[in-house]
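**Q** After the sequence you'll find the predicted model.
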Amino acid sequence: MKLKEFIHQNKTAIQEEKMSSKADANFEQLLKDKLHQPKKQKVVFLKFIAVAASLGLLIATFVWFNNQPEINKKQQQLLSNLENESVGKRLEGVYTFNDEYAKEDDKIIETLLSILHKDENTNVKIATIDALLKFPKNESIRKSFIKALEKEDVPLVQIKLIKAVSFLRENRAQKSLEKIINSEQTFPIVKNNATLAMAEIKK
Amino acid sequence: MNTNQLIKQCKQNNYKAQIEVYNAYKNMMLGAALRILKNREEAEDIVQDCFIKAFEKIHHLKEDANLGGWLKRIVINKSLDIARSKDNFIITDELEILENEPEDVEDEISISTTVIDIKNCIYKLKDKYSTVLSLYLIEDYNHREIGELLNIKESTVRNQFRRGKQQLLKLIKNKEL
């Protein structure tokens, strides 16, 4: 018989080699690992995360949009009170800020600092100092207290400011305090408070 | 399931269909890999990898395509890549002269020759001869296709085949004696 003919007649037997049962078992595991469960689960899990994240983002955006006008409305009301001609309204504004605002709001603090320097009403100024003392780390507030102390001539406000810089242990206020202590126009009670504050700061 | 249905199910990543395809073609695939690599363990690993690769790429295959032929091409290409990477065989092109030896070699084999004899004798051949001979006689590639697979000229394939066949017949004859 010719070689080619023999091979042709026994093609399958010559062509095939028996795969070991160990290899079969390995393949079943390999197939599962590569193309089935784990990958599928991962994809489903990732899809779930993606959907959840999208929903979360959507809800957060919705809540933010809904709350935004309310916050703006409140802030506008407060600013309008602080700038009102009526002393009562300005006081109401300061107390509202004192009671409701736990966070620093640049725009409101700027308005309160302006009140500290320019308002003509003692009560409003005193209430404002109390309100500003909520933020002892704010540098512009600390500087404003020192600046106000230099210019202020109303004894009650002077005492409030002296107590404020003493509470803040503001070293830079020493010059202003000395000026108050040495001034002949200063009320004795103010001088006493200034002397005590100076001693407190120097401790 | 017929082949068309099997391909369709495999495209849907059906585990049962994939196992059915594996069982239907694994031995043929192993034979093809083993004749090139001559290492059973390595050939089994290659066959498994080729099935996975095939299932990943099966969406490229038409449903009426020859699944067995397609799988065989994958495993032969992969096995040749591995063999080349290990320098198992390097066939360089020869001068474009077809060896003009007459077909004087006796092509006849004894009636007592068994399939195992043929397999063993092919196995004993040098890698370059066993590969060309297997691709031509067993996998049914023609000389041009083998040339493309091995990146050599068709005339070189013909010469390698002729020499390989002579050696194979010699081995078979010695076995018979």
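**A** Perfect, thanks for sending it.
**Q** confidence score at the residue in chain B that chain A sits nearest to?
**A** Residue of chain B nearest chain A, by CB to the nearest CB: residue B:27 (3.9 Å). For the C-beta atoms, the positions are set from N, CA and C on the backbone; glycine is no exception. Residue B:27 is assigned 95 on the pLDDT scale.
**Q** so it, which of the three states?
**A** helix (DSSP: H, G, I helix; E, B strand; the rest coil).
**Q** cool, residue A:102 as well?
**A** Of the three states, residue A:102 takes coil according to three-state DSSP.
**Q** next one: residue A:135
**A** Residue A:135 is classified as coil under three-state DSSP.
**Q** Get me the contact residues on chain B for chain A.
**A** By CB under 8 Å from any CB of the partner chain, the part of chain B that sits against chain A consists of B:13, B:15, B:18-19, B:22, B:26-28, B:30-32, B:34, B:40, B:43-44, B:47-48, B:51-52, B:55-56, B:107-109, B:111, B:113, B:115, B:118-119, B:137-139, B:165, B:168-169, B:172.
**Q** close to chain B, is the one helix or strand in chain A whose mean pLDDT sits lowest?
**A** Lowest mean confidence among the helices and strands of chain A (mean pLDDT, DSSP states H and E): helix A:37-82, at a mean of 79. No. Contact of helix A:37-82 with chain B (CB under 8 Å from any CB) is absent, the minimum separation being 8.6 Å.
**Q** Mind giving me the packing neighbours of that helix?
**A** Counting by 3 or more CB pairs under 8 Å, 6 or more residues apart in numbering or on different chains; DSSP states H and E, the packing neighbours recorded for helix A:37-82 are helix A:87-100, helix A:106-118.
**Q** ok, back up a step: residues contacting the residue of chain B closest to chain A?
**A** For residue B:27, the contacting residues are A:16, A:17, A:18, A:19, by CB atoms under 8 Å, 6 or more residues apart in numbering or on different chains.
**Q** Relative to residue B:32, how far out is the second one?
**A** Between residue A:17 and residue B:32 the computed distance is 9 Å (CB to CB, to the nearest Å).
**Q** swap in the first one?
**A** The spacing between residue A:16 and residue B:32, counted by CB to CB, is 9 Å.
**Q** more crowded one of those two?
**A** More neighbours surround residue B:32 than the other of residue A:16 and residue B:32, with 30 against 17 (other CB atoms under 10 Å in any protein chain shown).
**Q** so who does the more buried one touch?
**A** For residue B:32, the contact set (CB under 8 Å, 6+ apart) comprises A:15, B:72, B:75, B:76, B:79, B:134, B:139.
**Q** Return the closest of the residues you listed with respect to residue B:151.
**A** residue B:76 (13.8 Å; CB to CB).
**Q** Surely that closest one touches residue B:135?
**A** Yes. Contact status for residue B:76 versus residue B:135: in contact at 7.4 Å, counting by CB atoms under 8 Å.
**Q** Count the neighbours of the residue nearest to residue B:83 when sequence neighbours are not counted for me.
**A** Beyond its immediate neighbours in the sequence, the residue positioned closest to residue B:83 (CB to CB, 6 or more residues apart in numbering or on different chains) is residue B:36, lying 5.5 Å away. By the measure other CB under 10 Å, the count of residues near residue B:36 is 25.
**Q** now the nearest residue to residue B:4 once chain neighbours are set aside, what's its secondary structure?
**A** Computed as CB to CB, 6+ apart, the closest residue to residue B:4 that is not its neighbour in sequence is residue B:63, at 4.9 Å. Going by three-state DSSP, the secondary structure assigned to residue B:63 is coil.
**Q** Quick one: residues contacting residue B:63.
**A** B:4, B:7, B:8.
**Q** what about the second one, neighbour count?
**A** Just to be clear, that refers to residue B:7. If we define neighbours as other CB under 10 Å, then residue B:7 has 21 of them.
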